[in-house]
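Chemist: From the sequence below, what's the structure:
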Amino acid sequence: MKMWGGRLLLMGLACCILMSGCRQAKVETAEQEQEKAGERPLQIGLSIDSFVIERWIRDRDVFVSAAKEMGAEVNVQNANGDVNEQIEQIQYFIKKQMDVIVVVAGDCEALSDVMKKAKAAGIKTMSYDRLVLNANSDMYISFDNKGVGSLMAENLVQNIPEGGKVIMIQGPESDHNVAMIREGFHSVLEGKNLEVVYQNNCEGWLAEHAYDYAKEALEKYPDVKGIMCGNDDLATQVFKVLSEDRLAGKVCLVGQDGDLMACQRIVEGTQNMTAFKSVEEEARLAAEYAVKLGKGEPLTGIDQTINDGTYDVPYLELNPVAVTRENMDSVIIQGGFHAREDVYLNVIQQ
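Modeler: Numbering: from 1, shown residues only. Take a look at the predicted model:
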């Protein structure tokens, strides 16, 4: 009897294990069915050129947070300024069968083939802030880059009524935005009494190059009246050179992005303006449209295209704002981009 009792106990345990296995199999099958039904979270791959520019960290955080609120998962990759690394990252996203690939391009031409490869694999693609050329992206979102250049030039014209020599220290030519900013800048200066006597480009947006170029330019043209910088990070290095030559506040200095140090210089009187772009708005909208792309929904609200060299790409264009000492509080501080105590840190309050 004891032997039969032991056998019955073992048989009972075996049945429990078998039933448990069946239940687990049913669960796994249900999960597989849900995935097949498209109920898995939308997968977005976000490849960023690098975080050498202050703003991209903010872009990343807002994009990821906004996408998560809409039920999507974001895989963020940082190429650290290496074009080949960024190509490999996009290839990795293709292999992982992402629903959408969003790219802040380090080289707007070098990524063309791999972005087209993603489209061929049925993956939606978005050029974020910088247009990937000849890639037929499903969407491009950015600010009016010609407008950015125009705002810079208009500020120089306003602050240098007597005219004079101007220096341009720009970002890399591999960034398509640089050419558009330059086009807008020159369009305003045409027919004015300001003469561009020196131009150079900082490869990889590396700010240390701006210091060297500013040194070189000021040695050749010590009587320069204004300096246009591709962004505020470059302007910080140019400001150092101006300070060393006791020219800070005497030479008109303009940049873009609304970096904290630039805003501090503006209220202190050593930088005249920054072309401010609400990166929170750009990142939030990019996340919203990335989800639309992934779900196959129409891109409502986009009523224009931009040519990438071969294809007309749906384009959502945002407007930059010229920020000076006069509107610093209303745009930057009240808008929540920087805190008042940080912007006015070095200014003695009366």
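
Chemist: got the residue ranges for the strands in the protein?
Modeler: Remark: strands assigned in the chain by DSSP state E are 42-48, 72-78, 100-104, 124-128, 139-143, 164-170, 194-201, 226-229, 252-256, 273-276, 305-307, 312-318, 321-323.

Chemist: what about G301, neighbour count?
Modeler: The local packing of G301 (other Cβ atoms under 10 Å) involves 10 other residues. The way it works is simple: take the backbone N, C-alpha and C, and place the C-beta from them, glycine included.

Chemist: The residue lying closest to V197 once chain neighbours are set aside - how many residues pack around it?
Modeler: Leaving aside its sequence neighbours, V197 sits nearest to K165 (Cβ to Cβ, 6 or more residues apart in numbering; 4.6 Å). Residues within reach of K165, counting by other Cβ under 10 Å, total 19.

Chemist: can I assume K165 is in contact with N193?
Modeler: No: the pair K165 / N193 is not scored as a contact, 10.6 Å apart, by Cβ atoms under 8 Å.

Chemist: coming back round to it: looking at the sheet around the residue nearest to V197, what are its partners?
Modeler: Here K165 sits in beta bridges with E195, going by DSSP bridges.

Chemist: Just the pLDDT at it, thanks.
Modeler: Here the pLDDT value assigned to K165 is 98.

Chemist: Please list all residues in contact with it.
Modeler: Contact partners of K165, counting by Cβ atoms under 8 Å, 6 or more residues apart in numbering, are 194-197, 221, 223-226.

Chemist: Would you list the buried entries among those residues?
Modeler: Neighbour-count burial (16 or more other Cβ atoms under 10 Å) applied to those gives 194, 196, 221, 224-226.

Chemist: just those now: which is nearest V241?
Modeler: For these, the residue nearest V241 by Cβ to Cβ is V224; the value is 11.0 Å.

Chemist: Give me the phi and psi for the closest one.
Modeler: The phi/psi pair for V224 (degrees, to the nearest 10) reads phi -60, psi 140.

Chemist: Test my guess that it contacts A217.
Modeler: Yes: V224 lies in contact with A217 (Cβ under 8 Å); the separation is 6.9 Å.

Chemist: Between these two, which contacts overlap?
Modeler: Both V224 and A217 are contacted by 167, 198, under the criterion Cβ under 8 Å, 6+ apart.

Chemist: Tell me which two in the contacts of K165 are the farthest apart.
Modeler: Among these, V196 and D223 lie farthest apart (Cβ to Cβ), at 14.3 Å.

Chemist: sorry, back to before: relative to Y211, which of the strands of the chain is closest?
Modeler: Within the strands of the chain, the stretch nearest Y211 is strand 164-170; the backing value is 9.6 Å (Cβ to Cβ).

Chemist: Determine the angle, from 0 to 180 degrees, between that closest one and strand 252-256.
Modeler: In terms of direction (axes from the mean of the first three to the mean of the last three Cα atoms, to 10 degrees), strand 164-170 departs from strand 252-256 by 30 degrees.

Chemist: mind listing what's buried in strand 164-170?
Modeler: Buried, per 16+ other Cβ under 10 Å, within strand 164-170: 164-170.

Chemist: So which of these is the closest to N145?
Modeler: Minimum distance to N145 across the buried residues of strand 164-170 is 11.9 Å, recorded for Q170 (Cβ to Cβ).

Chemist: Just confirm that closest one contacts A235, I think it does.
Modeler: No: Q170 lies out of contact with A235 (Cβ under 8 Å); the separation is 11.6 Å.

Chemist: which residues are common contacts for these two?
Modeler: With contacts defined as Cβ under 8 Å, 6+ apart, the residues shared by Q170 and A235 are C229.

Chemist: ok, G258 - how many residues close by?
Modeler: Around G258 there are 27 residues (other Cβ under 10 Å).

Chemist: Please name the nearest non-neighbouring residue to it.
Modeler: G258's closest residue in space is F276 (Cβ to Cβ, 6+ apart), at 4.0 Å.

Chemist: do V241 as well
Modeler: Closest residue in space to V241, ignoring its immediate chain neighbours: A214 at 4.0 Å, by Cβ to Cβ, 6+ apart.

Chemist: any idea how far the one you found is from G335?
Modeler: A214 sits 30 Å away from G335 when distances are taken as Cβ to Cβ, to the nearest Å.

Chemist: Give the residue from the two that has the larger number of neighbours.
Modeler: Ranked by neighbour count (other Cβ under 10 Å), A214 and G335 place A214 first, with 28 against 16.

Chemist: Any stretches of the chain with poor pLDDT?
Modeler: For the chain, the stretches flagged by pLDDT under 70 are 1-38, 348-350.

Chemist: a markdown table please, covering the strands of the chain and showing distance to D59.
Modeler: Output for the strands of the chain, formatted as a markdown table (distance: least, Cβ to Cβ, whole Å):
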| stretch | distance to D59 |
| --- | --- |
| strand 42-48 | 8 |
| strand 72-78 | 10 |
| strand 100-104 | 8 |
| strand 124-128 | 8 |
| strand 139-143 | 11 |
| strand 164-170 | 21 |
| strand 194-201 | 23 |
| strand 226-229 | 20 |
| strand 252-256 | 14 |
| strand 273-276 | 14 |
| strand 305-307 | 20 |
| strand 312-318 | 13 |
| strand 321-323 | 17 |
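
Chemist: Please name the residues that touch the closest residue to S50 other than its chain neighbours.
Modeler: Counting by Cβ to Cβ, 6+ apart, S50 lies nearest to G81, which is 4.2 Å off, once chain neighbours are set aside. With contact set as Cβ under 8 Å, 6+ apart, G81 has these partners: 49-50, 52, 106, 204.
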